[in-house]
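Chemist: turn this into a structure:
(2 chains)
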Number of protein chains: 2
Amino acid sequence: MSEDAVRSGVPTHWYNVIADLAGYIPQERRPAQRAGRHGVQPQLPLSIYRQSVSKESFIAIPDEVRAEYERWRPTPLVRARKLEKALGTPAKIYYKYEGVSPSGSHKLNSAIAQAYYYKKAGIRELVTGTGAGQWGTALAMACKSYGMDCTVYMVKCSYEQKPYRRLMMELNGAKVIPSPSVHTEAGRTILLEDPDCPGSLSVASSEAHEYANEGDGVRYSAGSGDNHVLLHQTVIGEEALVQMAERGEFPDTVIGAIGAGSNFAGLAFPFYRASVETGRKTRLVAVEPKSCPKLTRGVYTWDHHDALGNTPMSKMYTLGNDFMPSPIHAGGLRYHGAAPVISWMYHENLVEAVAYAQNEIFEAGVTFARAEQIIPAPESAHAIKHAIDRAVRARESGSTETILFNLSGHGLMDLGAYEKYMNGLLGDDSATELEVDQAIEKLTRARDERGHGSES
Amino acid sequence: MSEDAVRSGVPTHWYNVIADLAGYIPQERRPAQRAGRHGVQPQLPLSIYRQSVSKESFIAIPDEVRAEYERWRPTPLVRARKLEKALGTPAKIYYKYEGVSPSGSHKLNSAIAQAYYYKKAGIRELVTGTGAGQWGTALAMACKSYGMDCTVYMVKCSYEQKPYRRLMMELNGAKVIPSPSVHTEAGRTILLEDPDCPGSLSVASSEAHEYANEGDGVRYSAGSGDNHVLLHQTVIGEEALVQMAERGEFPDTVIGAIGAGSNFAGLAFPFYRASVETGRKTRLVAVEPKSCPKLTRGVYTWDHHDALGNTPMSKMYTLGNDFMPSPIHAGGLRYHGAAPVISWMYHENLVEAVAYAQNEIFEAGVTFARAEQIIPAPESAHAIKHAIDRAVRARESGSTETILFNLSGHGLMDLGAYEKYMNGLLGDDSATELEVDQAIEKLTRARDERGHGSES
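Modeler: Predicted coordinates for the structure are as follows:
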């Protein structure tokens, strides 16, 4: 896309990477349908479904959605000169700051788009699951914007760690329920196994799906992973492409944290296209927590998106939909699988991945905050940690490198976690090698039992 | 100033309203000097002192300061269409959103400038007093940017209400002390009178001045009230002038909350100039809390800026430097006096003032958040309340009006207060009529005893 396509600094189109991935076929083992009280209905409105299977490279952003984006977009692209100086690195470090959105993170990019399409399709309420609350907050705000109801199943350990996130959602009129809850069959099943279960995104997702299935005019809205969500987030990378070009720059390395992938994909996909178009080599790096290492340690196989297996299966890197990550503060990254399209790109060596432990990402977050005066969300601190690692490597090798990362949100709702870190009270909360090993063994066995024929 | 003067959207000059106020003479009863251990030294570096007494209308912003501003400026000017719709008003409501700054409020505009000048003057540490913590956070960040130490006396009731504000300052390397403290003569004097004293900005200011006087290379940095602080904040209004003009608009009413005045002045002063230049009538309205009604109920007389009377006197609207406001959550507005230049303009009927109680401003804040999805700082909610009042009046009278207000900061550190409000647990915390009456009687008596001759 040319600079002409960025009116008033806000892109006119989302970028659909799938159109440019020769060999990738979006597929699900079961169709995305639901059995509601009034028969089988598609879970996605046709408008969104078409986006998710589109073969077009560019999909126009509706004017109404762009008008909303213009309230906080384009977001700043900043050269982290003070961080560079603090690290004494010859590398150039840029960040795209999504924390200026009303919800405080990139999540509003898709929430606004989805609420717009669902509203047009006559839906009156959206329900979802949220980890740290970034997605729940964004969806609550988007629903409020379009006069829709909103229900959020919030992962219990985050619900307790971040009480003000809940309040932000409630202030925007959403109903917030800690998950696992007793209100759904899914929640009760999990609680029966472990009454103290801290919850996970896949459990919250199961509960939200069940709630959606039982209500009239209620739909489940996904915060990450699905094609259309990754698509909506590409406004980040489209803006960044133009903003970098204005500075005469093109990144050698593009970095984003990965839960299911909307944060990473939003920045990285447009740079994938640009690097193919220009023949410039750009490393695209997804950063995950060591306590939930789906890419660096998981298995590429068919799996469900939710814990109870009520959703269709997709082929993805996963730790198993019943994997229960430790209650790290980067709640948005506590998800068992990577988006199918990112998984495919990782499998084809088009993207890279790296994993870090909790204390080292908080250390990176504090280093960044002290240099740049922005306190990052723990999720974003994963990207920062890798950016710092690359910059230090550049210093040590005497080479140069242009690094761009997605500062996906601010950490003002996470100051309790920073306080713990600064007082030395934060654990690494990484899953033990054993837990991950067991999850992988179980997955591999299941895959083998199904036979390899169905894996392709 | 023409649009040419706004390079890359960020103004090249601050606007010095004093140059355009015929009849106003900046004056202090005692010179702004200090007795340090090494003799009498000017408290302000010459660079800042010159700004504070300048007769030039425009003062160039140093490139280094502009480079910092460009990290988050220009800040968005937004039409609050959804709020207009929710109110059913024919009025147009615009807000200038300063909450996108790294510190979360407008305060960083002056903190960066001051740290720059003090650093150049060889100062190694800045000390200040802060109410809600907006100023303290900004100064901590600015000091960190310039490699200076920072000490903040934070009003005790805010210190307790907003623990994460303290953490934000500490994360940026500042030392934060609840005020009144036992570390200073001033603090001990106040505590002797009332061990449970909730503190006030004028007490914190006394402590900070004492700390500055006793340290080598340490200076007191003012967060509001002083001419140079109001000057630095005019980047807000200069940007807004251009942004409104781009939309073909000029406001009938410009609104800002007032503690000492930097929030209000930053937006209003450039519109004062523009309204004089164009002959268009614009109402400039300062909004204060009923619990600290210096403009709507105070006396125009000579007073100190701090509680103990260690600072020079200025002529201002005041409730007396020993006035102790109730511990409302809009801690930034708990200051006994209005900036001398704003006081003069109010006395000359060039600006207006209005006061509201705590619950009605939180109601306005929630109305705004639900419409526009930004949770405002309680200080900013004062401006919102008046904007809503004007908009409702326009609806009722069937007239139109273009309203612009300063959304000076976000309320993400104030969610505890919002929770109280939503649960009906927030008091109005207004000073009783009796307390204000007594303060005014005392002031008037003191003024009369000094004789009116010294008042001019």
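
Chemist: longest helix of chain A, counting residues only.
Modeler: Counting residues, the longest helix in chain A under DSSP state H turns out to be helix A:378-397.

Chemist: for that helix, name the packing helices and strands.
Modeler: helix A:81-87, strand A:92-97, strand A:253-257, helix A:262-278, strand A:283-289, strand A:352-356, helix A:358-372, strand A:402-407 (3 or more CB pairs under 8 Å, 6 or more residues apart in numbering or on different chains; DSSP states H and E). Where you see a C-beta, it was placed from the backbone N, CA and C, and this is true even at glycine.

Chemist: distance to residue B:407 and mean neighbour count for those - can I get that in JSON lines?
Modeler: Listed next are the helices and strands packed on helix A:378-397 as JSON lines, based on distance: least, CB to CB, whole Å; neighbours: other CB atoms under 10 Å in any protein chain shown:
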{"stretch": "helix A:81-87", "distance to residue B:407": "27", "mean neighbour count": "17"}
{"stretch": "strand A:92-97", "distance to residue B:407": "19", "mean neighbour count": "25"}
{"stretch": "strand A:253-257", "distance to residue B:407": "30", "mean neighbour count": "29"}
{"stretch": "helix A:262-278", "distance to residue B:407": "27", "mean neighbour count": "25"}
{"stretch": "strand A:283-289", "distance to residue B:407": "34", "mean neighbour count": "26"}
{"stretch": "strand A:352-356", "distance to residue B:407": "37", "mean neighbour count": "20"}
{"stretch": "helix A:358-372", "distance to residue B:407": "23", "mean neighbour count": "22"}
{"stretch": "strand A:402-407", "distance to residue B:407": "22", "mean neighbour count": "28"}
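
Chemist: list the neighbours of stretch A:435-452 that are in contact with it.
Modeler: Applying CB atoms under 8 Å, 6 or more residues apart in numbering or on different chains, the contact partners of stretch A:435-452 are A:293, A:297, A:298, A:299, A:301, A:302, A:303, A:318, A:319, A:320, A:323, A:455.

Chemist: isn't residue A:112 right up against residue A:145?
Modeler: Yes: between residue A:112 and residue A:145 there is a contact at 7.0 Å, judged by CB atoms under 8 Å.

Chemist: more neighbours, those two?
Modeler: residue A:112 (28 against 23; other CB atoms under 10 Å in any protein chain shown).

Chemist: per-residue confidence at that one?
Modeler: Per-residue pLDDT puts residue A:112 at 98.

Chemist: how is it assigned, secondary-structure-wise?
Modeler: Of the three states, residue A:112 takes helix according to DSSP: H, G, I helix; E, B strand; the rest coil.

Chemist: below-threshold pLDDT in chain A: ranges please.
Modeler: Within chain A, the stretches with pLDDT under 70 are A:1-8, A:26-42, A:429-432, A:451-456.

Chemist: pop out the phi and psi values for whatever residue of the stretch 151-300 of chain A ends up closest to chain B.
Modeler: Closest to chain B within the stretch 151-300 of chain A is residue A:164: 4.1 Å, counting by CB to the nearest CB. Per-residue torsions, residue A:164: phi -80, psi -20 (degrees, to the nearest 10).

Chemist: for it, what are its contacts?
Modeler: Taking CB under 8 Å, 6+ apart, we find residue A:164 in contact with A:413, B:412, B:415, B:416.
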